[in-house]
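Novice: Based on what follows, work out the 3D shape:
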Amino acid sequence: PSAKTAKSYLLPDFYSGATGQSGRFSEGFLLRRLHHNLPSLPGLLVGRRKGGLLVGLEDGLYALDPVAGLGARLVAVEADEFLTRINDGKPDPAGRLWFGTMDKTGRMAPIGALYRLDLDGKLEKIRSPIAIPNAIAFAPDGKTMYFADSVTRTIEAIDYDPATGAQGKSRVFVRYPEPIVPDGTCVDADGALWVALVEAGKIERRLPDGTLDVTVELPVSRPTMSALGGADGRTLFVTSQRRVLSPEKIARETLAGDLLALRVPFRAAPPNLAAL
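Specialist: Residues are numbered from 1 along each chain as shown. From the prediction side, this is the model:
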């Protein structure tokens with residue numbers, strides 16, 4: 001369907017990670033809050049084949065145990081560059097980790113880069129300069145990589161070789177008008193891309209050819225990441241931003257900054273796990 005006829009879902013269920021407030025959360029999760037203080041701002045969180053998680057902090061990639069907390073730094077990333085931090089990343093089907101760095105001062109200066117952490121542990125800078133790396137995701141067959149430098153308001157679809165980790169030809173997947181900014185994404189089992197749109201207050205599901213298929217209206221104006229999961233893979237989780245909102249907006253957007261969830265009739269793609 002075209003954008004005008006795309007299906008639209010309202011958010012019926014939510015869980016507020018900040019306040020503990022809960023709504024009609026239909027999947028019946030037993031929610032357990034685990035809180036860990038981190039030494040700097042986290043920019044990515046992915047699963048590992050070895051078990052546990054990998055978190056990107058301002059100076060590198062760290063092991064993270066959901067219960068025990070932060071472990072050792074495994075890979076240093078721009079550790080001597082005090083103006084940048086990691087922002088957004090996903091593993092490819094083979095386990096290579098792709099991620100970006102960005103200006104952490106708020107100036108949005110193009111001083112970041114796109115990196116690939118190979119299976120042998122070698123870290124390679126693939127592309128620079130970049131202002132705000134986002135929208136990193138891979139098609140289920142591994143043959144398309146998605147990426148956005150958010151200041152361009154454009155998501156690229158890049159031909160990708162999952163056997164070697166090499167990028168090929170890039171094309172415009174979708175371009176947004178001001179003030180909308182594409183942020184985090186995920187891919188479902190059908191290969192559709194779910195895009196969090198900052199300043200639009202919604203998530204879009206776009207088919208592999210870029211066609212708009214579904215719009216999910218949200219009670220927050222700045223959603224930052226989408227993820228499909230849950231027991232059957234049909235729960236859409238959405239993170240959102242609070243810290244840049246004015247007091248007036250915070251009063252209107254009581255769920256801003258919280259973890260939101262709703263049931264959707266689409267299933268998550270099998271997860272890619274980092275080999276590190």
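
Novice: three-state assignment of residue 272?
Specialist: coil (DSSP: H, G, I helix; E, B strand; the rest coil).

Novice: Phi and psi next, for it.
Specialist: In terms of degrees, to the nearest 10, the main-chain angles of residue 272 are phi -90, psi 130.

Novice: which residues in the stretch 151-276 of the chain form helices?
Specialist: Using DSSP state H, counting those that start in this stretch, the helices assigned to the stretch 151-276 of the chain run over residues 247-252.

Novice: Going along the chain, name the strands of it.
Specialist: For the stretch 151-276 of the chain, the strands defined by DSSP state E, counting those that start in this stretch cover 154-161, 166-175, 181-187, 193-198, 202-206, 212-217, 223-229, 235-240, 260-263.

Novice: Name every strand pairing with the third one and say which way it goes.
Specialist: Same thing as strand 181-187. In the sheet, strand 181-187 lines up against strand 193-198 (antiparallel) (DSSP bridges).

Novice: Find the nearest non-adjacent residue to the spatially most central residue of the chain, please.
Specialist: Central residue of the chain (C-alpha atoms, centre = their mean): residue 184, 3.3 Å from the mean position. In this structure, residue 184 finds its nearest non-sequential neighbour in residue 225, 3.1 Å apart by C-beta to C-beta, 6 or more residues apart in numbering. For glycine as for every other residue, the C-beta is placed from the backbone atoms N, C-alpha and C.

Novice: Likewise for residue 125?
Specialist: Closest to residue 125 by C-beta to C-beta, 6+ apart is residue 113, at 5.0 Å.

Novice: And residue 52, by the same measure?
Specialist: Residue 52's closest residue in space is residue 65 (C-beta to C-beta, 6+ apart), at 5.1 Å.

Novice: try residue 34
Specialist: Going by C-beta to C-beta, 6+ apart, residue 34 has residue 66 as its nearest residue, at 5.9 Å.

Novice: count of residues packed around that neighbour?
Specialist: Residues lying near residue 66 (other C-beta atoms under 10 Å) number 10.

Novice: And residue 64, by the same measure?
Specialist: 20.

Novice: do residue 238 as well
Specialist: If we define neighbours as other C-beta under 10 Å, then residue 238 has 25 of them.

Novice: Kindly report the same for residue 98.
Specialist: Neighbours around residue 98, by other C-beta under 10 Å: 24.

Novice: list the contacts for the residue nearest to the centre of the chain?
Specialist: 88, 134, 135, 196, 224, 225, 226, 239 (C-beta atoms under 8 Å, 6 or more residues apart in numbering).

Novice: Could you tell me which residues make contact with the last one?
Specialist: Contact partners of residue 239, counting by C-beta under 8 Å, 6+ apart, are 184, 196, 223, 224, 225, 259, 260.

Novice: can you redo the residues you listed as a markdown table with distance to residue 207 and pLDDT?
Specialist: Conversion of these to a markdown table gives the following (distance: C-beta to C-beta, whole Å; pLDDT from 0 to 100):
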| residue | distance to residue 207 | pLDDT |
| --- | --- | --- |
| 184 | 19 | 98 |
| 196 | 17 | 98 |
| 223 | 20 | 96 |
| 224 | 23 | 97 |
| 225 | 20 | 97 |
| 259 | 27 | 86 |
| 260 | 23 | 87 |
